[in-house]
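In: pasted the sequence and its predicted model underneath.
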Amino acid sequence: MIRQDSLGDVPLFHEDETAFREKKSNIKHPLACFFHLFFRTSAVLIYLFCEFLSRSFIANMVTIILLLSCDFWTVKETSKKVVSNSDSRIFWFGLIVCPVFWGFFVFSSLVSFNIKWLAVVIMGVVLQWANLYGYVRCKVGGGTKLRNMATNYFGVKLFKKVLNQPQGP
């Protein structure tokens, strides 16, 4: 039994304490989640504020690419372990949102004719989308599994359509 008071939820009995802790903290890999978002967010922030951080284009470019690469290795090592639903939500949120930012940066670089930074943002898009594509492919399965799912789906639709057609006299 859990009691509600001014301090929040507090377990009343020792038996409920473990269930209470699991409910409160269901992120199994907080460091991996933190660094996953940290590396991605840092790369975006460095791109946005690079003029204030350093005048060196090369230093900024290398820093952005290293941050995006570190994110890949952090997530790759954690993906081999059992994760919770919260870990999964954080992972997919970062994996989907950041490529959208880099896609926007490509568009803004093209519109502003900032060709120098276009190479950096294209690298960001390529690294982020490759990461997203790889994990989506792992989640859905290889090309054969995906092809079989599509074939089965369209086969069932065609079969239902044939069955629903009126028969001749």
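Out: Sure, I can see it. Residues are numbered from 1 along each chain as shown.

In: contacts, neighbours, all on C-alpha from now
Out: Noted.

In: thought L37 was touching I96?
Out: No. L37 sits out of contact with I96 when judged by C-alpha atoms under 8 Å, with a separation of 11.5 Å.

In: who has more neighbours, the two?
Out: Counted by other C-alpha atoms under 10 Å, L37 and I96 do not tie: L37 has more neighbours, with 19 against 15.

In: which secondary structure elements does the one helix or strand that one maps to contact?
Out: Assigned by DSSP states H and E, L37 belongs to helix 30-53. Applying 3 or more C-alpha pairs under 8 Å, 6 or more residues apart in numbering; DSSP states H and E, one finds that helix 30-53 contacts helix 57-78, helix 85-111.

In: between that helix and helix 57-78, how big is the angle?
Out: Helix 30-53 runs at 170 degrees relative to helix 57-78, counting by axes from the mean of the first three to the mean of the last three C-alpha atoms, to 10 degrees.

In: so what touches helix 30-53?
Out: With C-alpha atoms under 8 Å, 6 or more residues apart in numbering as the test, helix 30-53 has contacts from 60, 63-65, 67-68, 70-71, 74-75, 78, 87, 90-91, 94, 98, 101-102.

In: CA-only coordinates of that helix in CSV, if you can.
Out: Output of helix 30-53 as CSV, limited to C-alpha atoms (Å, rounded to 0.1, in the frame of the first residue of the first chain):
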residue,chain,number,x,y,z
PRO,A,30,20.2,6.6,-17.3
LEU,A,31,23.8,7.3,-18.4
ALA,A,32,23.2,5.9,-21.9
CYS,A,33,20.0,7.9,-22.2
PHE,A,34,21.8,11.1,-21.0
PHE,A,35,24.7,10.7,-23.3
HIS,A,36,22.5,9.7,-26.3
LEU,A,37,20.6,13.0,-26.0
PHE,A,38,23.7,15.0,-24.8
PHE,A,39,25.8,14.1,-27.9
ARG,A,40,22.9,14.8,-30.3
THR,A,41,21.9,18.0,-28.6
SER,A,42,25.5,19.2,-28.3
ALA,A,43,26.1,18.7,-32.0
VAL,A,44,23.0,20.8,-32.8
LEU,A,45,24.0,23.5,-30.3
ILE,A,46,27.6,23.7,-31.5
TYR,A,47,26.3,24.1,-35.0
LEU,A,48,23.9,26.9,-34.0
PHE,A,49,26.4,28.7,-31.8
CYS,A,50,29.7,27.9,-33.5
GLU,A,51,30.5,31.5,-34.3
PHE,A,52,30.5,32.3,-30.6
LEU,A,53,32.6,29.2,-29.6
